[in-house]
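In: Turn this into a structure:
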Amino acid sequence: MSLYVASSLFALMILIYWVISEVFTVLFRFTGLPDERARFQVISLLTGCGFTTRESEMILSSRSRRRLARITMLFGYVFNITIVSAFVNLFLSLKLVQMEHYFAALLIPLVAVAAVFLLGRIRRVRASCERLVERLFSRILRRDKTNSVLLIDYLGTDSIAVVTLNTVPEAFAGKPLKDIDLKSERRILVMLTERNGKTEPAGAETVFQTGDKLTVFGEYHVICRVFEAKEQFSDD
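Out: I've put the predicted structure just below:
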């Protein structure tokens with residue numbers, strides 16, 4: 001294999017790996033994981049390098065994230081062992097003319113996919129695509145009808161999480177936030193509410209409704225208990 005062919009193959013592998021990592025990053029973002037953390041977790045899972053215990057809890061706290069993590073790890077293993085070896089053997093067995101033909105056939109669609117991801121970095125385009133695709137994936141990844149809590153980050157002993165209200169708890173039904181006393185009694189701060197795709201700061205007159213997504217701050221196990229969301233650390 002010539003230096004040119006080896007360099008081309010190496011560049012092709014990098015491009016394929018980057019496209020794959022971007023695909024899985026987008027999938028993890030649909031589960032509520034921030035962009036930077038999603039990308040780090042995907043690279044860790046694909047390469048088999050592992051991830052920190054603290055951040056791994058963000059994966060374990062959601063059934064949909066655990067499913068994606070399993071798929072990502074298996075895909076990374078299969079890609080590293082099977083696909084890369086197959087590509088190398090294919091390039092070694094082809095003649096130069098055939099090699100250029102297959103290389104061009106693979107490069108064109110990969111460049112097209114890469115261009116789509118680069119376009120997706122534009123904020124408005126990305127926001128529109130995320131809303132569209134999230135509706136599709138939510139039907140697959142979020143089949144559970146109970147309230148769900150997605151862990152976003154840790155701050156000391158407290159957590160930032162997103163609570164999806166598939167059912168408004170009876171204690172909160174029809175009551176404004178000022179009458180619930182989440183902050184004083186349970187040390188839970190409701191920061192943002194998302195309703196019908198529109199995000200607004202939570203106020204004293206905010207009344208929870210089915211389908212709301214609440215960005216909250218407090219102890220994770222207390223958040224799960226107060227909003228009657230089962231902790232999704234198991235598949236039962």
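In: When you work out contacts or count neighbours from here on, use the C-alpha atoms and nothing else.
Out: OK.
In: Can you give me the distance of K183 to A11?
Out: Here K183 is placed at a distance of 53 Å from A11 (CA to CA, to the nearest Å).
In: er, R65 actually
Out: On the measure of CA to CA, R65 and A11 end up 30 Å apart.
In: which of those two has more neighbours?
Out: Between R65 and A11, counted using other CA atoms under 10 Å, R65 has the larger neighbour count: 22 against 12.
In: residue contacts, the residue lying closest to the more buried one once chain neighbours are set aside?
Out: Spatial nearest neighbour of R65, excluding adjacent residues (CA to CA, 6 or more residues apart in numbering): I59 at 5.3 Å. Taking CA atoms under 8 Å, 6 or more residues apart in numbering, we find I59 in contact with R65, R66, A69.
In: Relative to F75, how far out is the last one?
Out: According to CA to CA, A69 stands 10 Å off from F75.
In: So those two - more neighbours on which side?
Out: Applying other CA under 10 Å to A69 and F75 shows that A69 carries more neighbours, namely 20 against 15.
In: Which residue is the nearest non-sequential neighbour of the more buried one?
Out: L45 (7.0 Å).
In: what pLDDT, on average, does the helix or strand containing that neighbour get?
Out: Element membership for L45, per DSSP states H and E: helix 35-47. Model confidence over helix 35-47, given as mean pLDDT, is 84.
In: Please identify the helix or strand for V190.
Out: In the assignment (DSSP H and E), V190 maps to strand 189-195.
In: My guess is P201 contacts T193. True?
Out: Yes - with contact defined as CA atoms under 8 Å, P201 reaches T193; the gap is 6.2 Å.
In: between the two, which one's more packed in?
Out: T193 (23 against 12).
In: Find the nearest non-adjacent residue to that one, please.
Out: L214 (4.6 Å).
In: surely the one you found meets M191?
Out: Yes - with contact defined as CA under 8 Å, L214 reaches M191; the gap is 7.4 Å.
In: neighbour-wise, which of those two wins?
Out: L214 (23 against 14).
In: which SS class is W18?
Out: Using DSSP: H, G, I helix; E, B strand; the rest coil, the structure places W18 in helix.
In: Now for it, how many residues are close by?
Out: By other CA under 10 Å, 14 other residues sit near W18.
In: And it, how far from R37?
Out: Distance from W18 to R37, by CA to CA: 16 Å.
In: By mean pLDDT, point me to the weakest helix or strand of the protein.
Out: In the chain, no helix or strand scores lower on mean pLDDT, DSSP states H and E than helix 123-141, which sits at a mean of 62.
In: continuing past that helix, what's the next helix or strand?
Out: The helix or strand immediately downstream of helix 123-141 is strand 148-155, counting by DSSP H and E.
In: partner strands of that following strand, parallel or antiparallel?
Out: strand 158-164 (antiparallel) (DSSP bridges).
In: Following the chain onward from the strand it pairs with, which element is next?
Out: Downstream of strand 158-164 (by DSSP H and E), the next one is helix 182-186.
In: what comes into contact with that next one?
Out: Identification of contacts with helix 182-186 by CA under 8 Å, 6+ apart yields I188, L189, V222.
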